[in-house]
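**Student:** Predicted model and sequence below, questions to follow.
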Amino acid sequence: MILLNRRPEYRQLLAAADAAALGIAGAEEAERFLRARDSHSETPLHVLPALAAELGIAALHVKDEGRRLGLGSFKALGGAYAVIRLVLEEAGKQLGRKLDAGEIGDAKVRAIAARMTFCCATDGNHGRSVAQGAGLVGARSVVFVHAGVSPERVAAIARYGAEMVRVDGGYDHSVREAARIAAERGWTVVSDTSWPGYERIPGLVMQGYTVIVREALRHLPEPPTHVFLQAGVGGFAAAIAGHLAILLGERRPKIVVVEPARAACVYATAEAGRPVKIPHDQPTVMAMLECHEPSLVAWRVLSRVGDAFMTVEEDDAVAVMNRLARPKGGDPAIVAGESGGAGLAGLIRAAGDIGMRAALGLDGQSRALIINSEGATDPGRYAELVGMAPEGVARAMQPA
């Protein structure tokens, strides 16, 4: 399914708060914080000419976040960044001066951080980022996971020192439980979704994701004409789309938001013209995108700069994982997790449909940008879905 954004009120500029969070100054601040981290290095931008030719487009680039900061996901840029920012802001208040990102190791800063607790709900990747950020500054972290989060993903978060709390139900239940307990105990919620009265911190999380755009544009020969972005609550898609709109203005690419058909809360919201919560039905293999209520901040951005909304099926996601693992025609092999390749699944589905091609203006001159948002964050599950031996997965995940 595809839904074009034709509502005239959607063609407005970004709201002031969103423009500030996703603008150039905020993105530069995120890059400064990133450069202060010991494990920082840019993630690769791959060129896939053989697949581009198959799809009948001029160029296809894939920004591979599967090796970001040792976490295997773009989420490494969001939660950790927000935690570090919040710690330095609190330390700045107590010490009476503005602190720089390079001061996260200062003994006085760490003493203040040690009295702070950060919590979040997660499907896996965001929780690792929050836990990693808390560990970097010496703060405590508590991560709430719902019943569908695999033991492997829980263990991966716990390795960063987080206290883990299991919650019955789905992702939305864990979000509410984290907020409830945090309010009772005076903890700071670092969520990648937002709700009425809670927007500033999700805005910081989104600000961290703008680094992806800046890195990609520095290496692209020309700006893309089309960007296909996967969405859960929508924060990642909104951050990328919003920053592209600010940087490129009238030259901005068409933004297509892609979701699992089984968890398409942003699509349903676009269809209704207002934020809606969809029922929790069948689980999706794209577990990191299994969300049923959009972030209010994310929707505010996507309602203005999202050009189309579409869904993909379970088989589409698995087919992309296999295609990237076993490329044709000299294209590079890419490890993409179940959710990581959903944007590419959307492009492939759209390129193969005459009506969708026409609606999106996809043709032989189009230049598509895809972001592989995660690698094999659950290696066992990845090995099962691509029919690869575990040792082969381990080799594929090694740095180039």
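**Tutor:** Cool, the structure landed.

**Student:** quick one: furthest residue from the center of this protein?
**Tutor:** residue 96 (34.4 Å; CA atoms, centre = their mean).

**Student:** Looking at that one now. What's its pLDDT?
**Tutor:** At residue 96, the model reports a pLDDT of 96.

**Student:** ditto for residue 11
**Tutor:** Looking at residue 11, the pLDDT reads 52.

**Student:** quick one: the strands in this structure?
**Tutor:** 2-4, 45-47, 59-64, 117-122, 140-146, 163-167, 188-189, 226-230, 254-260, 308-312, 367-372 (DSSP state E).

**Student:** Turn these into CSV, including mean pLDDT, mean neighbour count and distance to residue 218.
**Tutor:** Where C-beta positions appear, they are placed from N, C-alpha and C, glycine not excepted. As requested, the strands of the chain are arranged in CSV below (pLDDT from 0 to 100; neighbours: other CB atoms under 10 Å; distance: least, CB to CB, whole Å):
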stretch, mean pLDDT, mean neighbour count, distance to residue 218
strand 2-4, 92, 16, 31
strand 45-47, 98, 17, 9
strand 59-64, 98, 23, 11
strand 117-122, 96, 26, 30
strand 140-146, 96, 24, 32
strand 163-167, 96, 15, 38
strand 188-189, 97, 19, 33
strand 226-230, 98, 27, 16
strand 254-260, 98, 27, 20
strand 308-312, 98, 25, 27
strand 367-372, 98, 27, 13
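
**Student:** export these to TSV and tack on distance to residue 245?
**Tutor:** Formatted as TSV, the strands of the chain follow (distance: least, CB to CB, whole Å):
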stretch	distance to residue 245
strand 2-4	17
strand 45-47	20
strand 59-64	18
strand 117-122	27
strand 140-146	32
strand 163-167	36
strand 188-189	28
strand 226-230	11
strand 254-260	8
strand 308-312	15
strand 367-372	14
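
**Student:** For residue 290, find the nearest of these.
**Tutor:** Comparison of those against residue 290 by CB to CB identifies strand 254-260 as nearest, at 7.0 Å.

**Student:** got the CA positions of the closest one in PDB?
**Tutor:** Below are the C-alpha coordinates for strand 254-260, written out as PDB (Å, rounded to 0.1, in the frame of the first residue of the first chain):
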ATOM      1  CA  LYS A 254      11.100  12.900  -1.900                       C
ATOM      2  CA  ILE A 255      10.700  11.200   1.400                       C
ATOM      3  CA  VAL A 256       8.900   7.900   1.500                       C
ATOM      4  CA  VAL A 257       8.200   6.400   5.000                       C
ATOM      5  CA  VAL A 258       8.100   2.600   5.100                       C
ATOM      6  CA  GLU A 259       6.600   0.400   7.800                       C
ATOM      7  CA  PRO A 260       5.700  -3.200   8.400                       C
END
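
**Student:** Paired strands for that strand, with orientation please.
**Tutor:** Sheet pairing of strand 254-260 (DSSP bridges) gives strand 226-230 (parallel), strand 308-312 (parallel).

**Student:** picking that back up, could you point out which of the strands of the chain sits nearest residue 131?
**Tutor:** strand 140-146 (4.6 Å).

**Student:** how about that closest one as PDB, C-alpha atoms only?
**Tutor:** Extracted in PDB, the C-alpha atoms of strand 140-146 (Å, rounded to 0.1, in the frame of the first residue of the first chain):
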ATOM      1  CA  ARG A 140      22.800   4.400  36.400                       C
ATOM      2  CA  SER A 141      20.400   3.000  33.700                       C
ATOM      3  CA  VAL A 142      17.200   1.000  34.000                       C
ATOM      4  CA  VAL A 143      15.800  -0.500  30.800                       C
ATOM      5  CA  PHE A 144      12.200  -1.800  30.400                       C
ATOM      6  CA  VAL A 145      11.700  -4.500  27.800                       C
ATOM      7  CA  HIS A 146       8.400  -6.100  26.700                       C
END
